[in-house]
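Novice: Dropping the sequence and predicted coords here.
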Amino acid sequence: MLRSVYFLALVAVVTAYKYAIPFYRYPDAQWDIVTGLSSVQMVIFNPNSGPGSAVDPTYVSRVERLKEAGQLVGGYVHTSYGERPIADVKADIDAYFAWYPLIDGIFVDEAQSSATGSNAAGTNFLDYYWDIKYYVRSKGARKGIVLNHGTIPDEAYVELADIDCIFEGPFSDYVNFAERVPAWVHSYPPQKFWHIVHTTPYASNQEVVAVLRATNAHFLYVTDLTGANPYDSLPTWAVASPPPPPPPSTTGSGPSAPTPVKYGMLQLFYPGGAAYDSFVSAFHLDEAAPAATDAALGVAIITPASGPGTAANSDYVAEVAKLHSHGALAFGYIALVNAAKSVSDVQSEMDAYYNFYGVDGFYFDQTWSSTVGYLEQLASYAKSSPHKPAAAVGYTMLSYGPGSVDESLANTVDIVEMFTGTYASFVAYSPPAWALSRPASASYYTVTDVALADLDALVAAARDKNFAYLHATDTSPWTVPTLLPQLVAALLAASSAPPPPPPPSRMQLGLQQGFYPCNGCPDYDAYKAAFSLPSASSAATDAVLGFTTISPASGPGASANSDYVSEVGLVQSHGGRVLGYIALTNGAKPLSDVKNEIDAYYNFYGVDGFYFDQTWSATVSYIGAVSAYAKSSPSKPAGRDGLVALAFGFDPSVAAFADVADILQLFNDAYSNLAAFSPPAWAAALPPSRFYAQVSGVQAADLGAFISAAKARNFGYVYPSDSGSWTLPTYFNSLVGELVAAA
């Protein structure tokens, strides 16, 4: 498949954002460039200023390939700013869904921006577009619309649209766009907004990305083409050979992630004294590589003369060579003087470090007052300097204090010092949600006042707090700790510990319990009987008892209910997990309220985790914050892992949800629709135990075929029903038997 390195170089800089392409070109080799490209989340196709007069098999094939690759696809429909007859618009929508049924929705072009006026037919503009929205949604529960206003609309349209394109124009108009964006834009998730920027010089792409970040948008298309239709081809740099571009940015991704955590140190001692000797001894740097301790050695930050100095220092040259021979990174220390140091001066220091020591990257200190634009220039130069050794990546690392890290600044560099403080403060510290969605190798922690007894817990916390570089000390943070040998041992023990066994591949039940757990209640009695819950544990049915979701009072209630307490004990004694039901109110419930419910479930019932419902509009960062608390709450009982299950409603095209939740409900629909369902492409790499299907309309005669179909779609947890979603199916005993047989 054709892949343009120049196109990849462009999209690589949009690490926190995604490309959405208005691709008004008949399918050819250029379509091969974008099909399956991970940075391209959405493609809009346009056969003939709409669907055309008949189905085109070439487009059918191309839409299928895009969908197989897990990308969103939309069909183009124009509305003449609300004046086009609504019947004509609906006829185009009908044609798209009849001829290209796999599409995800409609791209509505020439969308009106005023919510108060009316068209020539007397229809209010806002009502006109709501009519379109409802008509598209009638084609399928998850079908959506993009409104392309090309400019900032009245806010009411943002509530209406699934995605709003609020800028379409040349780069010359875009450079000052941030000054025109109203404050309300920042109150919505970035996934609501798309910017389309044409007539853009290749050298200005980084500036486009900076504006995108500053204006809270997720989707971007940028091209150097111009004229009446700048969308009939990919940018020239995507299909031709422009002047050599800077290498792709690795911003925000960190080096290849060390697992689970490695030692990092800001070295303020000279490489020749007692402190250096203890450092060399702990990591066997004087021995031939590889040494057993290499697995625990991450990065050393050197500062020969509060910077690189004016000439190479042979002792530091020798140290860097030792670090490299043992697979560690060496960064050069540069003080930014709170952004008062000029870009040219910082670049000179980078070049000196490269020339004198062959470092791998840089640690920027004194970063207060730094702006996104300032740091982006530095990060870009670190990776593109003509003095950078061929083997160096040009990593950049940002020094910051606790509670001071800003996401927009973090997105400009590879590694952020997320925490600097005492061990007591570290225990209480919760990283922001956005940091939990980044690779662990993008975070560095400095922890002081660490006692020997704290080391194992400190290293173990790397998973929950999501960091891969650690400097822990019982002394000054700027020297070698006296407990360094014990810290190295703890790091090695963590890195060599065997991974947890993979979850069972068998299919298990995921029960949504809407009945009360009282003896004599028919559904509860049937549930206990099917799983032999009154008997001793290790019943034959334990193998398929997955999870049970409880909801004592549409949540945990104000106090413990003894009947639910008894049920939780029974289920857990048979190896099943119990999840507490929490409604997120489509991401609108305050995090403090969600945390209170989490703590109540832990305190009242000792649950294993949570089933989060009403996830529409919930963002990855919101779910990430909820998930982090579920796993780190001080109320969580020992032995509980804080399992997080997401109910159907979140956007399944966003693979990042799999990074912040343990179980994802990808299907909640009728059995008659299961055959046509295909999981998103990203789900294929994950085990079945990550996915859950709740299926209505399954009859007893369907059970065998249903289980086969669910297995084929990678579901590890299922709940079929022939009745209501929250009641037991009439064939519950048979269902359990079929699951046992399949296991």
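Specialist: Arrived safely, thanks for sending.
Novice: Please enumerate the strands of the stretch 101-250 of the chain.
Specialist: Shown for the stretch 101-250 of the chain, the strands assigned by DSSP state E, counting those that start in this stretch span residues 105-109, 144-148, 163-170, 193-198, 219-222.
Novice: a markdown table please, covering those and showing mean neighbour count.
Specialist: The C-beta positions use only the backbone N, C-alpha and C, and glycine is treated the same way. Listed next are the strands of the stretch 101-250 of the chain as a markdown table, based on neighbours: other Cβ atoms under 10 Å:
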| stretch | mean neighbour count |
| --- | --- |
| strand 105-109 | 25 |
| strand 144-148 | 24 |
| strand 163-170 | 22 |
| strand 193-198 | 24 |
| strand 219-222 | 24 |
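Novice: who wins for proximity to residue 533 among these?
Specialist: strand 144-148 (42.9 Å; Cβ to Cβ).
Novice: which other residues reach the closest one?
Specialist: Applying Cβ atoms under 8 Å, 6 or more residues apart in numbering, the contact partners of strand 144-148 are 44, 74, 104-111, 129, 132-133, 136-137, 153, 157, 160-165, 168, 194, 196.
Novice: residues of stretch 435-450 that come out buried?
Specialist: 435-450 (16 or more other Cβ atoms under 10 Å).
Novice: which of these sit farthest apart?
Specialist: Across the buried residues of stretch 435-450, the longest distance by Cβ to Cβ is 29.4 Å; it joins 437 and 449.
Novice: which non-adjacent residue is nearest the spatially most central residue of the chain?
Specialist: Residue closest to the average C-alpha location in the chain (Cα atoms, centre = their mean): residue 656, at 3.0 Å. Of all residues not flanking residue 656 in the chain, residue 620 sits nearest, at 4.6 Å (Cβ to Cβ, 6 or more residues apart in numbering).
Novice: which ones are touching the one you found?
Specialist: Contact analysis of residue 620 by Cβ under 8 Å, 6+ apart lists 433, 437, 654, 656-657, 659-660.
Novice: nearest to residue 115, of those?
Specialist: Among these, and counting by Cβ to Cβ, the member closest to residue 115 is residue 654, at 28.3 Å.
Novice: ok, now how distant is that closest one from residue 706?
Specialist: Distance check for residue 654 against residue 706: by Cβ to Cβ, to the nearest Å, it reads 28 Å.
Novice: More neighbours: which of these two?
Specialist: Using other Cβ atoms under 10 Å as the criterion, residue 654 and residue 706 rank with residue 706 on top: 20 against 17.
Novice: and the helix or strand containing that one, what other elements does it pack with?
Specialist: Residue 706 is part of helix 703-712 when elements are defined by DSSP states H and E. The contact analysis (3 or more Cβ pairs under 8 Å, 6 or more residues apart in numbering; DSSP states H and E) places helix 703-712 against strand 691-696, strand 717-721, helix 732-742.
Novice: Go through it and flag the buried ones.
Specialist: Buried residues in helix 703-712 (16+ other Cβ under 10 Å): 703, 706-707, 709-711.
Novice: Which residues outside it are in contact with it?
Specialist: So helix 703-712 is in contact with 507, 671, 674-675, 688, 693, 695, 698, 718, 720, 731, 734-735, 738-739, 742, going by Cβ under 8 Å, 6+ apart.
Novice: Only the buried subset of those residues, as a ChimeraX command please.
Specialist: Buried residues within the contacts of helix 703-712, by 16+ other Cβ under 10 Å, are selected in ChimeraX with:
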select :507,671,674,688,693,695,698,718,720,731,735,738,739
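Novice: List the neighbours of stretch 587-601 that are in contact with it.
Specialist: Against stretch 587-601 from outside (Cβ under 8 Å, 6+ apart): 555-557, 580, 582-584, 607, 610, 615-619, 622, 625-626, 629-630, 633, 635.
Novice: switch to 7 Å and redo it
Specialist: Here stretch 587-601 makes contact (Cβ atoms under 7 Å, 6 or more residues apart in numbering) with 555-556, 580, 582, 584, 607, 610, 617-619, 622, 625-626, 629-630, 633, 635.
Novice: In it, which residues are buried?
Specialist: Applying 16+ other Cβ under 10 Å to stretch 587-601 flags 587, 589, 594-595, 597-601 as buried.
Novice: now do stretch 647-667
Specialist: 647-655, 657-667.
Novice: export that stretch as CSV, just CAs?
Specialist: Extracted C-alpha coordinates of stretch 647-667, given in CSV (Å, rounded to 0.1, in the frame of the first residue of the first chain):
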residue,chain,number,x,y,z
ALA,A,647,-21.9,0.9,29.2
PHE,A,648,-22.7,1.3,25.5
GLY,A,649,-22.9,5.0,24.6
PHE,A,650,-19.2,6.2,24.4
ASP,A,651,-17.8,6.6,20.9
PRO,A,652,-16.4,3.2,19.9
SER,A,653,-14.2,4.7,17.2
VAL,A,654,-12.0,6.3,19.9
ALA,A,655,-9.6,3.5,20.8
ALA,A,656,-8.3,5.6,23.7
PHE,A,657,-11.4,4.5,25.8
ALA,A,658,-9.7,1.1,26.0
ASP,A,659,-6.8,2.7,27.8
VAL,A,660,-8.9,4.1,30.6
ALA,A,661,-11.5,1.3,31.0
ASP,A,662,-11.2,-2.5,31.6
ILE,A,663,-14.4,-3.7,30.0
LEU,A,664,-16.2,-1.9,27.1
GLN,A,665,-19.8,-2.7,26.1
LEU,A,666,-19.6,-2.4,22.3
PHE,A,667,-23.0,-3.8,21.6
